[in-house]
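>>> Coordinates for the following, if possible.
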Amino acid sequence: AQAVEEAIALLAEVGGIVRIGPGRNENDEPVVLVLTGRGFGEKSFKLVPDKVRRFPTLAVIPYDLLPLKRERLL
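Take a look at the predicted model:
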């Protein structure tokens, strides 16, 4: 629960994140899930840490968002 709260704080300003919560990977190990939606692109993806505390993060990207679009620099 603390890792999820920390991830929420770390990613509060990152665009395109719909929800952050606890989950399990294909090996039934605990992970921090980062559910994405419209507005999530390469720039946002680079801001998601590999781990929060000792738990790996897993970005869940809907099929219709792939491939992630590159944001243009202004």
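>>> quick one, what contacts Phe55?
By CB atoms under 8 Å, 6 or more residues apart in numbering, the contact list for Phe55 reads 3, 30-32. For every residue, glycine as well, the C-beta is placed using N, CA and C.
>>> next one: Val18
Listed by CB under 8 Å, 6+ apart, the contact partners of Val18 are 35-37.
>>> Next step: those restricted to helices.
Cross-referencing the contacts of Val18 against helices under DSSP state H gives no overlap.
>>> By neighbours, which of the residues you listed wins?
Neighbour counts for the contacts of Val18, by other CB atoms under 10 Å, peak at Thr36, which reaches 22 neighbours.
>>> and Glu13, how many neighbours?
Neighbours of Glu13 under the rule other CB under 10 Å: 7.
>>> Quick check on it: phi, psi?
Phi and psi for Glu13, reported as degrees, to the nearest 10, are phi -100, psi 0.
>>> Kindly format the C-alpha coordinates of the worst-scoring helix or strand of the chain on mean pLDDT as CSV.
Here the helix or strand of the chain ranked lowest by mean pLDDT, DSSP states H and E is helix 42-47, holding a mean of 91. Presented in CSV, the C-alpha positions along helix 42-47 are these (Å, rounded to 0.1, in the frame of the first residue of the first chain):
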residue,chain,number,x,y,z
GLU,A,42,6.8,8.2,-24.8
LYS,A,43,7.5,11.2,-22.6
SER,A,44,5.1,9.9,-20.0
PHE,A,45,6.4,6.4,-20.3
LYS,A,46,9.9,7.5,-19.6
LEU,A,47,8.8,9.1,-16.3
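>>> Thanks a lot, see you next time.
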